[in-house]
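*Asks:* Any chance you could fold what I've pasted below:
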Amino acid sequence: MSSSQQTSPKFSATRKILSIDQNFVNQIEGAAYGVAKDLNGMLSNLQGQMFQASKLTRSSFDIYDLTITNYCSTIQEAANKTKKLIILCESLDQEFSMVHKLAAQIKDIKQQVDVLQNVIR
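*Replies:* You can find the predicted model right below:
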């Protein structure tokens, strides 16, 4: 059978038209944009801190290597770098607490979207 003789099935779809409050949709979009902006800022901040943590970790390992040959003064420097790393880790822990707040906001937006989808159905 040639391609000109083949017929494709035709589908007809009916579309429900519902009245949706545009303010509600705008509110959901605004909330989602706010969460996305906050998440982007937080991730950017965390990226910088993780880079700094990586540098401090590398520095701590380098200093540890030096302690083998010159341990008296080097041990004090290693302790200072390790303290900075611990402080940074504590700061990271506080930054990650924002994740729980953002997760709650995301759940709230998802529930609102689910309500909107149920209205549309």
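*Asks:* for Leu56, what are its contacts?
*Replies:* Leu56 sits next to 81, 84-85, 88 when contact means C-beta atoms under 8 Å, 6 or more residues apart in numbering. Quick note: C-beta positions are derived from backbone N, CA and C, even for glycine.
*Asks:* mind listing what the most centrally placed residue in the chain touches?
*Replies:* The centre of the chain sits closest to Leu39, judged by C-alpha atoms, centre = their mean, with a distance of 5.1 Å. Leu39 makes contact with Leu102, according to C-beta under 8 Å, 6+ apart.
*Asks:* Distance-wise, check Ile97 relative to Val113.
*Replies:* To be clear, residue 97 is Ser; Ile isn't right here. 25 Å (C-beta to C-beta, to the nearest Å).
*Asks:* Go ahead and confirm Val35 touches Ile109.
*Replies:* Yes: taking contacts as C-beta atoms under 8 Å, Val35 lies within contact range of Ile109: 6.7 Å.
*Asks:* rewinding a little: can you add pLDDT and give the contacts of Leu56 back as CSV?
*Replies:* Formatted as CSV, the contacts of Leu56 follow (pLDDT from 0 to 100):
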residue, pLDDT
Lys81, 94
Lys84, 94
Leu85, 93
Leu88, 92
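*Asks:* Can I get the buried part of those as one ChimeraX selection?
*Replies:* This is the ChimeraX syntax for the buried subset of the contacts of Leu56, where burial follows 16 or more other C-beta atoms under 10 Å:
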select :81,85,88
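*Asks:* which of the contacts of Leu56 lies closest to Leu43?
*Replies:* Set against Leu43, the nearest of these by C-beta to C-beta is Leu88 (16.7 Å).
*Asks:* Grab the nearest non-local neighbour of Leu92.
*Replies:* Gln49 (5.7 Å; C-beta to C-beta, 6 or more residues apart in numbering).
*Asks:* Which secondary structure element of the chain has the lowest mean pLDDT?
*Replies:* Using mean pLDDT, DSSP states H and E, the weakest-scoring helix or strand in the chain turns out to be helix 71-120, at a mean of 88.
*Asks:* Which neighbouring elements make contact with that one?
*Replies:* Judged by 3 or more C-beta pairs under 8 Å, 6 or more residues apart in numbering; DSSP states H and E, helix 71-120 is in contact with helix 22-67.
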